[in-house]
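generate coordinates for the sequence data below:
(one chain, ligands or ions: 1)
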Amino acid sequence: MAWKNEAEAREQIKAMVAEYYHDFKEKKTPYQEGDRITYAARVFDEKEMCALTDATLDFWLTTGRFADRFEKEFAKWIGVKFAHLVNSGSSANLIAFMALTAPELGDRQIRKGDEIITVACGFPTTVTPAIQYGAVPVFVDVTVPQYNIDVTKPEAALSPKPASYPHLRAHETVLVPVCRLLLEKKKE
Ligand SMILES: Cc1ncc(COP(=O)(O)O)c(C=O)c1O
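Have a look, this model is predicted:
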């Protein structure tokens, strides 16, 4: 190939990848009501394919310049000081849970033996960090077909023990009223 330099080579390779995306990967028909929405589909377009190609051509196989940029821009976007990338959803669950065990949280710290309220239909690694730490998961049933916390049943999770930590996946419209209700009940 008659490339003048690496930068030009990259641009040409990425332009070809973008074309490849449009020719072979792009969904040509727009979404229509009744189309299947998959739970964990890969959602990408030529921008992701080109970014992936860029990273591949760096051949930097661990956290590097793209991760640094993502952490900074994501933190800014959601309005927090720091964001930390991890390798998987399960690792994210683990560090999110462990952050809630920090002594700096004072009374709000989750301690060993505390009960944590979670949803009966969730991902296993939502629960495993709590068990690993020594907290006790308490499950609240779900509604079908939403598979979200049944807001009519949170009292079932109430016991005299301290409880905290709602499920990471429950939608906030469900979570906020459930947490409020539980906290009120605890105070009674
Ligand atoms: C709430 C939650 N935790 C954990 C996971 C698992 O992620 P991973 O397979 O990347 O560990 C998922 C995946 O969908 C998830 O939704």
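
what about Ile37, which SS state?
Look at Ile37: counting by DSSP: H, G, I helix; E, B strand; the rest coil, its state is coil.

quick one: the strands in this protein?
115-119, 136-140, 163-164 (DSSP state E).

what's the pLDDT at the residue nearest the centre of the chain?
By C-alpha atoms, centre = their mean, the mean C-alpha position of the chain lies nearest to Gly89, the distance being 5.8 Å. Listed pLDDT for Gly89 reads 91.

I figured it was touching Phe123, is that so?
Yes. Using C-beta atoms under 8 Å, Gly89 is in contact with Phe123, at 7.3 Å. Heads up, the C-betas are built off the backbone N, CA and C, glycines and all.

could I get the strands of the chain as TSV with distance to the ligand?
Converted to TSV, the strands of the chain look like this (distance: least, C-beta to the nearest ligand atom, whole Å):
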stretch	distance to the ligand
strand 115-119	10
strand 136-140	14
strand 163-164	17
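
quickly, which of the ones you listed bottoms out on average pLDDT?
Here the strands of the chain differ in mean pLDDT, and the lowest is strand 163-164 at a mean of 52.

what does the average pLDDT come to for stretch 53-68?
Averaged across stretch 53-68, pLDDT comes to 94.

go on, stretch 13-32?
Regarding stretch 13-32, the rounded mean pLDDT is 94.
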